[in-house]
Structure formats: C-alpha cells, structure tokens
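just to be clear, the model below is a prediction. Sequence and coordinates:
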Amino acid sequence: MADMRIVIVGASGRMGRMLVRAVCDTQGVTVAGATERSGSPFIGRDAGELAGVETLGIKITDNIQSCCEADVIIDFTAPAATLAHAAFAAEHGMGMVIGTTGFEAAQLDALREILSNSPVVMAANYSVGVNLALSLIERAAEVLGDDYDAEIFEAHHKHKVDAPSGTALAMGRALAAGRCVKLDETAVYSREGITGARKPGSIGFSVVRGGNIVGEHQAMFIADEERIEINHVASDRMVFAKGAVRAGSWLMSKDAGWYDMQDVLNLRD
C-alpha cells in the first residue's frame, strides 16, 4: 500500500516544523507538500532540512495549488488561513486535520459548510493524554454533579493569542456535558472586584500567560471535604504533532464527516 501523502501548511513555524518531523518519524506517511504565507523568508527552503531531519526534496512554497497531489492537509495556522486551506482541501477531495483555535462562530459555520463533503478531524488538542483527560473529566462531572464546585485552570507561553485555550474550553464542554448543562450558560471567564458569592453550578476559568510554558491544564472538583484534580502537563510540542499525524492516518479509512480525537482514539461510549 502506498504511503499516505500529507501537506503541512505553515511549515516553517514551530508547530509546522514539529509536524514535518512527526511525519518523517511515522511509518506509512510522507510529506507531499509544505507551504508558508507569501513573503516568508523560508520560501524555497527544504522542509526536511528546516525541521532538522533529512533532506526531503520538498520545497516550502507559497502556492498551495502546487500541493494538490496529496491525501490530507494538516493545519495549525490561523482562522482566516484555515478557511482558505479548507476550500483547497474540498476542491481536491482531501481530508483535513485542523488544530487551529480561536475561530469566531461565523468562521466555524463557514468552515463546516466548506468541508461538508470532506472527512475532517478537528480538535482543540491532539495529545492522547489530554483526550483521555477529557473523558475522565466528563465522567467525573457526571458522578460528582454540581455539589462539587468546578474550576478549570490553564497556562501557556506568552505568545499565545487566544484565551482561554481551546483545550480549556474543551475541558469545560466535557464538564458541562457530564452535568447535562450548556457551557455557555454556566461558564465564568473573569472575576474582578466585588463578585459576590459563587453561583451554584458555575464553571470557572482562570488563565496564565508567560515564558515558554508549552501547556498546562487542570480541572478541579471542589467540595468542603475534598478536592479532585485531573491534570495534564505537556513538556514538548511533539506530543501534539504526533497526535495530529495519527489523526491524519485514521482519516484515510473514513467517509466524509466531522470527527475529533475522541473518535480517533475510540473514547466514545
């Protein structure tokens, strides 16, 4: 069987380079294309050399149309760019693995419309450990109910532009699902001044940005007598890249549809 062919967009960025390395380290997949935004100083560089692996003979380009001989696009860029890449994937019958966060509601609606006939994995976090944690959080929320106060903490590097992180929001959604409530109706994203007593059933969020923190997430269930914590700490971004490549391989056998890492890892009930 021929290797699955993957296009990495944003290939010169930190995550893009990790993705190239992860593909090179994974049997049965190959880098078929690598792109960057127009004007990038990395245009024309070999994607493998830039990522610190062997020369691949794949030059980074700002013309995604030259990457049409592929099976899957992996995209960890920005919402506007992801929408453009999605249109290309749909046009050429490719699957898509999306790790971009920070979408507005209208952008998500547009993305789903563009990819309505494509196989897609979209997840806030591609770490296997994080996705196991999401399942544990939902189960804990179901068992503990709203007798336990719920708080979600997250910390990331100083360059991250959205808050709370996509993973923290995914934890919030898992927690809300376990309680059979809607996150939009229970989330508290900021506290300042005289806030009054905590509202029963609320789900609180707190955020830290600083230094080079890769990613730390914690869900806390707090009662007067005890506290249960579900934690995940990422020490290397490669964990996200490996998960994304695993998702791309999984997509090869799937029909058009919208999936996430819970599906990839068979964590659904």
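Arrived safely, thanks for sending.

shaky segments in the stretch 151-269 of the chain?
Within the stretch 151-269 of the chain, the stretches with pLDDT under 70 are 269.

contacting residues for Leu108?
Neighbour list for Leu108: empty [criterion: C-beta atoms under 8 Å, 6 or more residues apart in numbering]. Using the backbone N, CA and C atoms, a C-beta is placed for each residue, glycine as well.

what is the end-to-end distance of stretch 57-69?
End-to-end distance of stretch 57-69 (C-alpha to C-alpha, to the nearest Å): 15 Å.

tell me the mean pLDDT over that stretch?
In this model, stretch 57-69 has an average pLDDT of 95.

got the buried residues for that stretch?
Residues Ile58, Ile60, Thr61, Ile64, Cys67 are the ones in stretch 57-69 that count as buried (16 or more other C-beta atoms under 10 Å).

same deal with stretch 25-33?
Buried residues in stretch 25-33 (16+ other C-beta under 10 Å): Thr26, Val29, Thr30, Val31, Ala32, Gly33.

any idea what sits nearest the second one, other than its immediate chain neighbours?
The spatially closest residue to Val29, leaving aside those adjacent along the chain, is Met4, at 4.8 Å (C-beta to C-beta, 6 or more residues apart in numbering).

thinking that neighbour is in contact with Met252, fair?
Yes: the criterion here is C-beta atoms under 8 Å, and Met4 meets it with Met252 at 5.5 Å.

show me which of those two is the more surrounded one.
Taking neighbours as other C-beta atoms under 10 Å, Met4 and Met252 compare with Met4 leading, 20 against 14.

tell me the phi and psi of the more buried one?
For Met4, the backbone dihedrals (degrees, to the nearest 10) come out as phi -70, psi 140.

farthest pair within the buried residues of stretch 57-69?
Within the buried residues of stretch 57-69, two members stand farthest from each other by C-beta to C-beta: Ile58 and Ile64, at 13.3 Å.

using JSON lines, lay out the buried residues of stretch 57-69 together with distance to Gly129 and secondary structure.
Shown next, in JSON lines, are these (distance: C-beta to C-beta, whole Å; DSSP: H, G, I helix; E, B strand; the rest coil):
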{"residue": "Ile58", "distance to Gly129": "30", "secondary structure": "coil"}
{"residue": "Ile60", "distance to Gly129": "31", "secondary structure": "coil"}
{"residue": "Thr61", "distance to Gly129": "34", "secondary structure": "strand"}
{"residue": "Ile64", "distance to Gly129": "32", "secondary structure": "helix"}
{"residue": "Cys67", "distance to Gly129": "31", "secondary structure": "helix"}
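
identify, from those residues, the entry nearest to Asp46.
Ile58 (6.7 Å).

the closest residue to the closest one other than its chain neighbours and Glu69: what is the separation?
Closest residue in space to Ile58, ignoring its immediate chain neighbours: Ala47 at 4.6 Å, by C-beta to C-beta, 6+ apart. Taking C-beta to C-beta, to the nearest Å as the measure, Ala47 falls 15 Å from Glu69.

looks like the residue nearest to Ile58 contacts Gly57 (just checking).
No: between Ala47 and Gly57 there is no contact under C-beta under 8 Å: 9.1 Å.

picking up where we left off before, what sits in contact with each of Ile58 and Ile64?
Contacts common to Ile58 and Ile64, judged by C-beta under 8 Å, 6+ apart, are Gly33.

can you pull out the helices in this structure?
14-24, 47-51, 79-91, 105-114, 128-144, 166-179, 183-186, 238-251, 261-264 (DSSP state H).

what mean pLDDT does the fourth one get?
Read that as helix 105-114. If you average the pLDDT over helix 105-114, you get 97.
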